[in-house]
Each structure stands twice: as C-alpha cells, then as structure tokens.
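Undergrad: Okay, predicted coordinates and the sequence, questions at the end:
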Amino acid sequence: MEQAKQHSDSVKFDEMLLALEAKPITEPSLVRISTYFLDRYNTMSINMSNDIDSGTLTRIHSKYSKKNMFLLLARNEINDGVFNRKGASCNEDTMIIYQGHFQCFNYEKEYDEAMKEIHRWKQ
C-alpha cells in the first residue's frame, strides 16, 4: 500500500514538472534570461519561482541535474529558503540552476557577471 502511494506521489510530481515545462515564463527579468539562453545556447528554461522550496529542492534538482534545461527563480516568499540554503545574500534576487551548478545574483546590478559565469558552465 505504501509503495503504491509513493508511486502515485512520484507520478503526480512528474506531471507537475511537465506542466511547468509547458508554462510560459512571464516574469520580465526571467523572460530576458530565458530568451538569452534560448538564443545563445538553444536551451530552454523553466520558471520554478513558485514551485520550488526547501522541501522540493533536492527532488527537483535530481530530476533536472542531467537535462539540458535551465531552472530560473525570482526570489519570493515561497523560495526564499532555497536562496538562503544556497548562501545567497538578502540583495540577491535571482537564481539560475543548471546541471548541478547554481548562480545567485542581483538581477539589476550583476546580470552581466552572472551570464559570464553561466557561459563558463556551458563550455
């Protein structure tokens, strides 16, 4: 019975992730980042801002750790614990996760430097 429940939970989780992959990104800062990644690397992005928290971080990370896809987060009350867990300062408002790497930065002040760091990941 417990095994069936775990399987059911896993299926629901996978369905939620598939729905997120199909959902358009509307947060202006994340649209810019997503467009850059698509144009520069032909790589899709997912807005995980409202769907990732400290409790789901490990599970989501394991699902995407080998995929050629960027996970984008604009800091909010839901994901603040993820930013804290990754050591982000209080002024860092954006996070990008890609194949085991993560980059937290202040979108307005550190965008260019963050993109340079991510370029190193993709080489």
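TA: Structure received.
Undergrad: Could you use CA atoms for every contact and neighbour count after this?
TA: OK.
Undergrad: Ignoring the adjacent residues along the chain, who's closest to residue 38?
TA: Leaving aside its sequence neighbours, residue 38 sits nearest to residue 44 (Cα to Cα, 6 or more residues apart in numbering; 5.8 Å).
Undergrad: ugh, wrong one, I meant residue 37
TA: residue 43 (5.7 Å).
Undergrad: residues touching that neighbour, list them.
TA: Applying Cα atoms under 8 Å, 6 or more residues apart in numbering to residue 43 gives the contacts 37, 68-70.
Undergrad: and residue 92, what helix or strand is that in?
TA: Using DSSP states H and E, residue 92 is not contained in any helix or strand.
Undergrad: buried ones in stretch 37-56?
TA: Neighbour counts over stretch 37-56 (16 or more other Cα atoms under 10 Å) mark 37, 44-49, 52-53 as buried.
Undergrad: Reformat those residues as TSV; add secondary structure.
TA: Below are the buried residues of stretch 37-56 laid out as TSV (DSSP: H, G, I helix; E, B strand; the rest coil):
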residue	secondary structure
37	helix
44	strand
45	strand
46	strand
47	strand
48	coil
49	coil
52	coil
53	coil
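Undergrad: Ends of stretch 79-92, what's the gap?
TA: 12 Å (Cα to Cα, to the nearest Å).
Undergrad: List the buried residues for it?
TA: 79-83, 88, 92.
Undergrad: Among the residues you listed, which are located in helices?
TA: 80-83 (DSSP state H).
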